[in-house]
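K.L.:
no sequence on this one, just coordinates:
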């Protein structure tokens, strides 16, 4: 017994070191497996969030030109859609407020107050939280395209898992052929590119083709731009292609985002649950 | 006697620079090779008279505060405690007996420029390499990680020297 106590006394520093390492590895695996950050131990809590917001308030002045450009382009896109709709000739009018149509997606404008792009585990922080109705697993889109999914929500701030995080996965589709694939951020991607896997090799994919969201998960509307194809590689000994895309959003300069709320999500989940049973 | 107040203040300055300046620098294609970690400054250069277990607890708190900002709980804790643990073995290995004054901070003037470069580079390399390794959690790109850790250590060493000159000016 005395020997054991002496052993512990002599190696107390080593034991403390191992103890801290085990704690930190437990923490790492805990959030990597569940992807759920507690809202206290992450930057979606109030103190850290307000520090990040202060920083973004100062630095966003230097990027006003970029922000404006993004908003103008988005406006142009929306305007063209609106005016094209007016020109459609048809015998009967359709009112968008008609009870035949129900608005499925709602959009909440937020500012991105912190954006990482250098690590393997990147996260974004938004300046909207529980108070304005943001919930876990809501989609986030930007001026140009897909951004990511909300993973943890504080009272006033929330953090987002972007495409450029090695834990990200989403069902997407190739616009021209409608074939499905899975969007991932693999080892050799940088912050401007991503990989689409599981597209069968008979699909004809050309460079410059559009990859967009499939809408199958219900957290994004159908047809949100994800990126454009830059490289197509067949995977050896399989029937699948590996497609490299350039992401539509540049995470190094990203300021505006919209949180997507699907009002019919409960119905979709109900159906999915029935299928699982 | 260690002036914990001024060290704490210095840590907040370093943390501020790490989170709000260095992490935001956008170098285009070079971004992947430019992500230096400088918040280990205090753990690396604080005077060697401090007990190892106190140093590791300080490293734990510092790592936690960086993790909170970066949303990666555990990653920076592990890396910084690793640096603290290897500090004394490496000091004993690099320097002969009485090679440094344990009551003084490890600055270039106190231990000599060559020793400083060598010692700080090795500590920074441990920090970067361990951080990148557990961030990736794969061993199939070891050479790439090695190169990345090497380049970022040199950049961070440069920042450390700048910090040293700046702190001398302020005094």
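P.N.:
Looks like it came in fine. The structure displayed is predicted, hence computed values, not measured ones.

K.L.:
alpha carbons only for contacts and neighbour counts from here, please
P.N.:
Will do.

K.L.:
for the longest helix along chain B, list every residue counted as buried.
P.N.:
The single longest helix within chain B, with elements called by DSSP state H, is helix B:142-170. Buried residues in helix B:142-170, counted by 16 or more other C-alpha atoms under 10 Å in any protein chain shown: B:145, B:148-157, B:160.

K.L.:
which strands and helices sit next to it?
P.N.:
helix B:113-136 (3 or more C-alpha pairs under 8 Å, 6 or more residues apart in numbering or on different chains; DSSP states H and E).

K.L.:
so the helix it packs on versus helix B:142-170, what angle?
P.N.:
Helix B:113-136 and helix B:142-170 are oriented at 130 degrees to each other (axes from the mean of the first three to the mean of the last three C-alpha atoms, to 10 degrees).

K.L.:
give me the buried positions along helix B:113-136.
P.N.:
B:115-117, B:119-136.

K.L.:
could you do stretch A:154-172 as well?
P.N.:
Across stretch A:154-172, burial judged by 16+ other C-alpha under 10 Å covers A:154-172.

K.L.:
so where is the chain shaky, pLDDT-wise?
P.N.:
All of this is about chain A. Along chain A, the model assigns pLDDT under 70 to residues A:35-44, A:82-103, A:276-277.

K.L.:
not quite, I wanted chain B
P.N.:
Using pLDDT under 70, chain B drops low at B:1-2, B:171.

K.L.:
ok and the residue in it nearest chain A?
P.N.:
Nearest residue of chain B to chain A, counting by C-alpha to the nearest C-alpha: residue B:74, 4.2 Å away.

K.L.:
look up how far residue A:145 lies from residue B:154.
P.N.:
Here the distance between residue B:154 and residue A:145 works out to 37 Å (C-alpha to C-alpha, to the nearest Å).

K.L.:
repeat that for residue B:62.
P.N.:
Separation of residue B:62 from residue A:145 (C-alpha to C-alpha): 37 Å.

K.L.:
for those two, indicate the residue with more neighbours.
P.N.:
Shown here are residue B:62 and residue A:145; by other C-alpha atoms under 10 Å in any protein chain shown, residue B:62 has more neighbours (23 against 20).

K.L.:
what are the buried residues along whichever strand or helix holds the more buried one?
P.N.:
Assigned by DSSP states H and E, residue B:62 belongs to helix B:52-70. Using 16+ other C-alpha under 10 Å as the test for burial, helix B:52-70 gives B:52-53, B:55-60, B:62-70.

K.L.:
is stretch A:191-202 positioned near chain B?
P.N.:
No: using C-alpha under 8 Å from any C-alpha of the partner chain, stretch A:191-202 never reaches chain B; the gap is at least 8.5 Å.

K.L.:
what lies in contact with that stretch?
P.N.:
A:117-118, A:163-164, A:179-186, A:189, A:234, A:239-247, A:249-251 (C-alpha atoms under 8 Å, 6 or more residues apart in numbering or on different chains).

K.L.:
what's in contact with stretch B:56-67?
P.N.:
The contact list for stretch B:56-67, computed with C-alpha under 8 Å, 6+ apart, reads A:17, A:20, A:42, B:15, B:43, B:73-81, B:84-85.

K.L.:
redo that, cut-off 7 Å
P.N.:
Contact with stretch B:56-67 is made by B:43, B:73-74, B:76-77, B:80-81, B:84-85, as judged by C-alpha atoms under 7 Å, 6 or more residues apart in numbering or on different chains.

K.L.:
also stretch A:233-241?
P.N.:
Under C-alpha under 7 Å, 6+ apart, the answer for stretch A:233-241 is A:197-201, A:232, A:242-243.

K.L.:
same question for stretch B:117-130.
P.N.:
Contacts for stretch B:117-130 (C-alpha under 7 Å, 6+ apart): B:44, B:79-80, B:83, B:145-146, B:149-150, B:153, B:157.

K.L.:
identify the farthest-apart pair in these.
P.N.:
Using C-alpha to C-alpha, these reach their maximum pairwise distance at B:44 and B:145, which is 21.7 Å.

K.L.:
buried subset of the contacts of stretch A:233-241?
P.N.:
Those of those that meet the buried threshold are A:197-201, A:232, A:242-243, by 16+ other C-alpha under 10 Å.

K.L.:
if you look at those, which of them are in strands?
P.N.:
Using DSSP state E, the subset of the buried ones among the contacts of stretch A:233-241 located in strands is A:197-200, A:232, A:242-243.

K.L.:
in chain A, which residue sits nearest chain B?
P.N.:
Nearest residue of chain A to chain B: residue A:24, at 4.2 Å (C-alpha to the nearest C-alpha).

K.L.:
which residues in chain A form strands?
P.N.:
In chain A, the strands defined using DSSP E lie at A:105-115, A:124-126, A:139-142, A:146-153, A:158-162, A:169-174, A:180-184, A:193-200, A:210-213, A:225-234, A:240-247, A:256-262.

K.L.:
the fourth one to strand A:225-234, inter-axis angle?
P.N.:
With the same axes, to 10 degrees as the basis, strand A:146-153 and strand A:225-234 are set at 110 degrees to each other.

K.L.:
now strand A:146-153, how far from the chain's geometric center?
P.N.:
From the chain centre to the centre of strand A:146-153 is a distance of 5 Å (C-alpha atoms, centre = their mean, to the nearest Å).

K.L.:
next one: the shortest one
P.N.:
On the basis of C-alpha atoms, centre = their mean, strand A:124-126 sits 11 Å off its chain's mean C-alpha point.

K.L.:
who does it touch, helix- and strand-wise?
P.N.:
With contacts defined as 3 or more C-alpha pairs under 7 Å, 6 or more residues apart in numbering or on different chains; DSSP states H and E, strand A:124-126 has these neighbours: strand A:105-115, strand A:158-162.

K.L.:
the third one too?
P.N.:
In this structure, strand A:139-142 makes packing contacts with strand A:146-153, strand A:256-262, judged by 3+ C-alpha pairs under 7 Å, 6+ apart.

K.L.:
now that strand: how far from the chain's centre is it?
P.N.:
7 Å.

K.L.:
which is the next helix or strand following the helix holding residue B:62?
P.N.:
As assigned by DSSP H and E, the chain's next helix or strand after helix B:52-70 is helix B:75-94.

K.L.:
from the chain's centroid, how far away is that following helix?
P.N.:
Put simply, helix B:75-94 sits 9 Å off its chain's centre (C-alpha atoms, centre = their mean).

K.L.:
what angle sits between that helix and helix B:113-136?
P.N.:
Between helix B:75-94 and helix B:113-136, the angle comes out at 150 degrees (the same axes, to 10 degrees).

K.L.:
give me the residues contacting stretch B:98-115.
P.N.:
Stretch B:98-115 has contacts (C-alpha under 7 Å, 6+ apart) with B:45-49, B:116.

K.L.:
please redo it, this time with the cut-off set to 10 Å
P.N.:
With C-alpha atoms under 10 Å, 6 or more residues apart in numbering or on different chains as the test, stretch B:98-115 has contacts from B:1-2, B:42, B:44-50, B:91-92, B:94-95, B:116-117, B:119-121, B:160-161, B:164.
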